[in-house]
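J.: Mind folding the following:
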Amino acid sequence: MKMRDLERRTGVNRETIRVYLREKLLPEPRRPKPNVAEYDEAHVRGILAIRELQHERNLSIPQIKRAMAGNLDDMPADPGAFPHLDTLVAARLGVHDALIPLSSMLSRNPNASSDARALAVIGAVRLRRRNNEMHLSPTDAQIVGLWGDMRAAGFTEEHGFTPEITRFYVEAAEALADQEVTRFLDTLGNRLDARRTAKLAQSAIDIMLPFFGLLRMKAVLEAFAQKNPQAPAAKKNG
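T.: You can find the predicted model right below:
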């Protein structure tokens, strides 16, 4: 497609698109002839992902560039941001798998290598080898980074905590996801086309993950109160 088609598909003007290209957030277009540029679906997906990260997650272009390079420190804790980053990295590389070197996680989690392997055993993350080095998706890299944060908070082997202890989270997440998708599709039926269905599903991820997080927090506080009568009682109304 031509630049005018790319503008129409994304709603982003050519000056902004050229900034994304100059900053190497997008792959170079194919140039069959001098002064002729052809764009494809990877450019559409990449531009939409950048706009989402900028407008909905308040990330600057330098922050997005650092995150694409494997530094996830600037990314928001909201898990809904990571599918957009996966999409953007995939579009930039021209591949379907958006991967970040495991070695880039060491500054945040010095035990990233062993933690990633342990988390992979229980299905929490997926390790992939590329160019003789292990890689993770941006979402999986954030999971490994978060376990590093848990270590820093004191959840270490010395206190009886290992990555394997999160197995029940993996099992619970898989069961919950199966129910969520089944109910979503059964409820929606054929009311919307594929594009609008995908957009609605993404909105559900963005909104309902914090919703579930609040429910979990309340349940954990109440469970602590029940199992430890000496602790202050959790408030029933949030």
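
J.: Show me which positions of the helix or strand containing Ile50 end up buried.
T.: Taking DSSP states H and E as the criterion, Ile50 maps to helix 41-55. By neighbour count with 16 or more other C-beta atoms under 10 Å, helix 41-55 contains the buried residues 42-54. Every residue, glycine included, has its C-beta placed from N, CA and C.

J.: Ok, stretch 207-223 next?
T.: Leu221.

J.: Dump the buried residues of helix 41-55 to TSV, plus distance to Glu171 and pLDDT.
T.: Compiled in TSV, the buried residues of helix 41-55 are given as follows (distance: C-beta to C-beta, whole Å; pLDDT from 0 to 100):
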residue	distance to Glu171	pLDDT
Ala42	35	81
His43	39	89
Val44	36	88
Arg45	32	82
Gly46	34	84
Ile47	37	89
Leu48	33	86
Ala49	30	82
Ile50	35	86
Arg51	36	86
Glu52	30	81
Leu53	31	81
Gln54	36	84
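
J.: Pick the one among the residues you listed closest to Leu192.
T.: When these are compared for distance to Leu192 (C-beta to C-beta), Leu48 wins out at 18.0 Å.

J.: Identify the residue nearest that closest one in space, chain neighbours excluded?
T.: Of all residues not flanking Leu48 in the chain, Thr10 sits nearest, at 6.0 Å (C-beta to C-beta, 6 or more residues apart in numbering).

J.: And for Ala37?
T.: Pro29 (4.0 Å).

J.: Ramachandran coordinates for that neighbour?
T.: Dihedral angles of Pro29 (phi, psi; degrees, to the nearest 10) stand at phi -70, psi 160.

J.: what about it, distance to Asn190?
T.: According to C-beta to C-beta, to the nearest Å, Pro29 stands 36 Å off from Asn190.

J.: Ala67 should be in a helix, yeah?
T.: Yes - Ala67 sits within a helix when classified using DSSP: H, G, I helix; E, B strand; the rest coil.
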